[in-house]
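[1] Here is a sequence with its predicted model. Questions after.
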Amino acid sequence: MSFSIATWNINSVRLRMPIVERLLVEHAPDVLCLQETKVPDELFPEKAFRRLGYEHIAFHGQKGYHGVATVARRPIEVVEKRRFCEIEDSRHLSVTVRAGGKAILLHNFYVPAGGDEPDPVINRKFKHKLDFVAEMNAIRAEHDEVSGSVLVGDLNIAPLEHDVWSHKQLLNVVSHTPVETENFEAMRLAGNWVDLMRLNVPYEQKLYTWWSYRAQDWEASNRGRRLDHVWSSPNLVPSFSGYEILRPARGWERPSDHVPVIARFDLD
């Protein structure tokens with residue numbers, strides 16, 4: 001059976017509900033994971049999702065900042081809303097969803113951006129980011145014959161040279177500094193996660209999921225970064241059938257600076 005998961009930093013779900021609806025109508029993923037929802041749980045726009053057939057909803061939100069939500073066309077069960085770094089930010093949500101005879105543990109993450117100065121001594125936001133990634137070492141790609149794991153979200157790090165528009169110019173820019181990228185890859189490997197977006201893509205090929213609001217013409221300059229990721233446990237790799245970065249969504253009305261990524265699986 002075909003099974004699809006979309007991930008999208010929406011930068012306020014209530015403000016951008018019209019383009020969320022467009023995504024669901026035009027692409028109809030089985031599950032949508034949103035980050036930076038910026039809404040407390042009691043104000044999450046559940047009715048809008050239910051009208052579109054996404055009746056299974058889980059959220060972990062707060063007023064005005066951060067927040068993650070997972071909505072689905074099939075039943076989901078909340079597993080955990082983990083707190084990181086002893087801070088009450090809403091940055092993680094895990095659920096289980098059944099697909100093709102497997103129970104999929106689906107992690108939805110919003111990693112701290114880290115501020116502007118890549119120095120943990122003078123920038124507490126950057127220290128928080130590094131500490132957060134360190135704690136993510138505890139998130140493992142659990143799997144067996146009847147289960148698997150997927151991790152998606154805005155992880156706010158572009159780990160590889162061609163995940164940014166200029167490796168040399170961004171080496172001292174938060175999201176691509178060596179201390180971030182090295183710790184990020186070490187964490188991914190420690191958890192036994194597979195980077196699905198780079199699985200069958202040449203290393204030299206540029207991959208972006210984010211384009212800054214600051215760009216006068218984001219499309220012409222194309223100064224992007226791959227900040228949004230899709231990982232899985234090794235046993236799901238044979239079922240992975242590909243993904244799509246919806247670059248046109250960056251040009252939709254009142255867009256997020258991130259675009260959706262849709263991963264697809266063919267599960268027996």
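    On my side now, so go ahead.
[2] can you pull out the strands in the protein?
    When assigned using DSSP state E, the strands of the chain occupy the ranges 2-9, 31-35, 56-60, 68-72, 76-80, 92-99, 102-110, 147-154, 194-195, 210-211, 224-225, 228-232, 240-245, 261-266.
[3] average pLDDT for the second one?
    Within the predicted structure, the mean pLDDT of strand 31-35 is 98.
[4] Report all helices and strands that it contacts.
    Applying 3 or more C-beta pairs under 8 Å, 6 or more residues apart in numbering; DSSP states H and E, we find strand 31-35 packed against strand 2-9, helix 17-27, strand 68-72, strand 102-110, strand 147-154. C-beta here means a position set from N, CA and C on the backbone, and glycine is covered the same way.
[5] where does it sit relative to the chain's centre, distance-wise?
    8 Å (C-alpha atoms, centre = their mean, to the nearest Å).
[6] now swap in the last one and tell me
    Taking the mean C-alpha point of strand 261-266 and that of its whole chain, the gap between them comes to 13 Å (C-alpha atoms, centre = their mean).
[7] repeat for the first one
    With C-alpha atoms, centre = their mean as the basis, strand 2-9 stands 10 Å off its chain's centre.
[8] Residues contacting that strand from elsewhere in the structure, which ones?
    If you take C-beta atoms under 8 Å, 6 or more residues apart in numbering as the criterion, strand 2-9 is touched by 20, 23, 27-36, 99-100, 106, 108, 110, 150, 152-154, 210, 227-230, 241, 256-267.
[9] Same check on the longest one?
    With C-beta under 8 Å, 6+ apart as the test, strand 102-110 has contacts from 5, 7, 9, 31, 33-36, 66-70, 76, 79, 90-98, 136, 139, 142, 146-156, 236, 267.
[10] Which positions in that strand come out as buried?
    Applying a neighbour-count criterion of 16 or more other C-beta atoms under 10 Å, one finds 102, 104-110 buried in strand 102-110.
[11] neighbouring strands for it, and are they parallel or not?
    Under the criterion DSSP bridges, strand 102-110 sits next to strand 92-99 (antiparallel), strand 147-154 (parallel) in its sheet.
[12] cool, the fourth one as well?
    Looking at strand 68-72 with DSSP bridges, its partner strands are strand 31-35 (antiparallel), strand 56-60 (antiparallel).
[13] Mean neighbour count for those strands - can I get that in CSV?
    Formatted as CSV, those follow (neighbours: other C-beta atoms under 10 Å):
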stretch, mean neighbour count
strand 31-35, 29
strand 56-60, 21
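[14] Now render the ones you listed as a markdown table, adding distance to Glu42.
    Converted to a markdown table, the strands paired with strand 68-72 look like this (distance: least, C-beta to C-beta, whole Å):
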| stretch | distance to Glu42 |
| --- | --- |
| strand 31-35 | 17 |
| strand 56-60 | 10 |
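[15] Buried deepest among the strands paired with strand 102-110, which one?
    The highest mean neighbour count among the strands paired with strand 102-110, using mean count of other C-beta atoms under 10 Å, belongs to strand 147-154: a mean of 25.
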